[in-house]
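> pasting the sequence and the predicted model now:
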There are 2 protein chains.
Amino acid sequence: MDLAELQTAIRDTYLTRDAERGRDATFRWMTEEVGELAKALRTGDRANLEHEFGDVLAWLLSLANIEGVDLETAIARYADGCPRCGSKPCGCAFS
Amino acid sequence: MDLAELQTAIRDTYLTRDAERGRDATFRWMTEEVGELAKALRTGDRANLEHEFGDVLAWLLSLANIEGVDLETAIARYADGCPRCGSKPCGCAFS
């Protein structure tokens, strides 16, 4: 699945509503989904866990659409290894 | 950019360290990046904003790798419109 095409699909599906809701309320929605992901990690329901991972990404894309940020461009520096040390696997000292 | 290939790149770059750190500490790292995204939204630095969007997705992918969740599968229900109402644009009543 192409990430840019996915962002376009989320834009076509939700941008009108996302823009009406606004940036900060959309950020709040995204953090609500992060909380649901935390609960799914704790309770161990695999189907729900997958569901919540999808919801977090969907809301991150909605927020990116409101801000006019292309998530594919934003993540590009990770595509070929660690953006800090340039290696795959990463050889940075932090943990 | 293919989302599954991106998840593989993050896995090849970070999974050894992600697994050593563990699920909960990786979730904490992800939420730290969500906080940095919040700050970038507030301060309005566009380059930093894009950077933080990328970091949130990278940590979401790290967490998905630890949990063995394929993010492309997880987000698939959003690819052709709203998973609740089936429409693009979404026609659901919630806001």
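Now that the structure is in, tell me what you want to look at. Numbering: from 1, shown residues only, chains lettered A, B, ... in the order given.

> how about the helices of chain A, start to end?
For chain A, applying DSSP state H gives helices covering A:3-21, A:23-43, A:46-67, A:71-75.

> TSV for those, including mean neighbour count?
Any C-beta I mention is one placed from the backbone N, CA and C, and that applies to glycine too. What follows is the helices of chain A, written out as TSV (neighbours: other Cβ atoms under 10 Å in any protein chain shown):
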stretch	mean neighbour count
helix A:3-21	18
helix A:23-43	16
helix A:46-67	22
helix A:71-75	21
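
> reformat those helices as CSV; add mean pLDDT and distance to B:W59.
Shown next, in CSV, are the helices of chain A (pLDDT from 0 to 100; distance: least, Cβ to Cβ, whole Å):
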stretch, mean pLDDT, distance to B:W59
helix A:3-21, 97, 16
helix A:23-43, 98, 11
helix A:46-67, 98, 11
helix A:71-75, 98, 11
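
> need these in JSON lines with distance to B:R42, can you?
Output for the helices of chain A, formatted as JSON lines (distance: least, Cβ to Cβ, whole Å):
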{"stretch": "helix A:3-21", "distance to B:R42": "18"}
{"stretch": "helix A:23-43", "distance to B:R42": "9"}
{"stretch": "helix A:46-67", "distance to B:R42": "12"}
{"stretch": "helix A:71-75", "distance to B:R42": "18"}
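
> to A:G86, which of those helices lies closest?
Closest to A:G86 of those, according to Cβ to Cβ: helix A:71-75, at 16.2 Å.

> so which elements touch the closest one?
Applying 3 or more Cβ pairs under 8 Å, 6 or more residues apart in numbering or on different chains; DSSP states H and E, one finds that helix A:71-75 makes contact with helix A:3-21, helix A:46-67, helix B:46-67.

> export those helices to JSON lines and append columns for distance to B:K88.
Compiled in JSON lines, the helices and strands packed on helix A:71-75 are given as follows (distance: least, Cβ to Cβ, whole Å):
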{"stretch": "helix A:3-21", "distance to B:K88": "5"}
{"stretch": "helix A:46-67", "distance to B:K88": "13"}
{"stretch": "helix B:46-67", "distance to B:K88": "23"}
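
> so which of the ones you listed comes closest to B:S87?
Closest to B:S87 of the helices and strands packed on helix A:71-75, according to Cβ to Cβ: helix A:3-21, at 7.8 Å.
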